[in-house]
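*Asks:* could you work out the structure for the sequence below:
(one chain, ligands or ions: 1)
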Amino acid sequence: MPKIDGVIRELCEKAEFMAIVTNGDDAPHVVANWGDYLRKVGIEPDRIVLPTGGYRITEDNLQRDNRVQVLLASKAVHGTRTPGQGCLITGTGRIITSGDDYDRVKAQFPWARGVLIISVEDAVTQL
Ligand SMILES: Cc1cc2nc3c(=O)[nH]c(=O)nc-3n(C[C@H](O)[C@H](O)[C@H](O)COP(=O)(O)O)c2cc1C
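*Replies:* Numbering: from 1, shown residues only. Next up, the predicted model:
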């Protein structure tokens, strides 16, 4: 069963941006990416693929501890009671700088120095 499916997929298709959290040495570290970048290269049944321009600290963090969380939301998706839904995606991440995924992302985003690939383990709605 795909993890990015149903309302989770709808959120990926409508979110303006997402927050990506890794474990720093002594505190969580938060970065972001744009929803339209995700839609260009990144929505797969069990993976999220994103262009990496910076993400230097994120990369260091992932080399030490590959656990990652992603929060995304949209007012255009209805929650259980009111307009607006969001989801928390958990999984593992790595940044790659060569290979098929890199070539594909680089073709869309020439500025990308790499690609953040998140293998999704779980995705749950929040509202
Ligand atoms: C809405 C938004 C979208 C962003 N999109 C990207 C992106 O596509 N790629 C990227 O590397 N950084 C992006 N950034 C910048 C990162 O959040 C981050 O500040 C930067 O890459 C430094 O990462 P680091 O602290 O892990 O070194 C974005 C920031 C915001 C606020």
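*Asks:* alongside the ligand, which residues does the protein contribute?
*Replies:* Residues of the chain that fall close to the ligand, judged by C-beta under 6 Å from any ligand atom: 17, 31-34, 37, 51-58. Where C-beta positions appear, they are placed from N, C-alpha and C, glycine not excepted.
*Asks:* pLDDT wise, what is whichever residue of the chain sits closest to the ligand at?
*Replies:* Proximity of the chain to the ligand (C-beta to the nearest ligand atom) peaks at Gly54, 2.5 Å away. Listed pLDDT for Gly54 reads 97.
*Asks:* grab the nearest non-local neighbour of it.
*Replies:* Leaving aside its sequence neighbours, Gly54 sits nearest to Val31 (C-beta to C-beta, 6 or more residues apart in numbering; 7.5 Å).
*Asks:* just confirm that neighbour is within a strand.
*Replies:* Yes - per DSSP: H, G, I helix; E, B strand; the rest coil, Val31 lies within a strand segment.
*Asks:* just give me the neighbour total for it.
*Replies:* When neighbours are counted by other C-beta atoms under 10 Å, Val31 registers 18.
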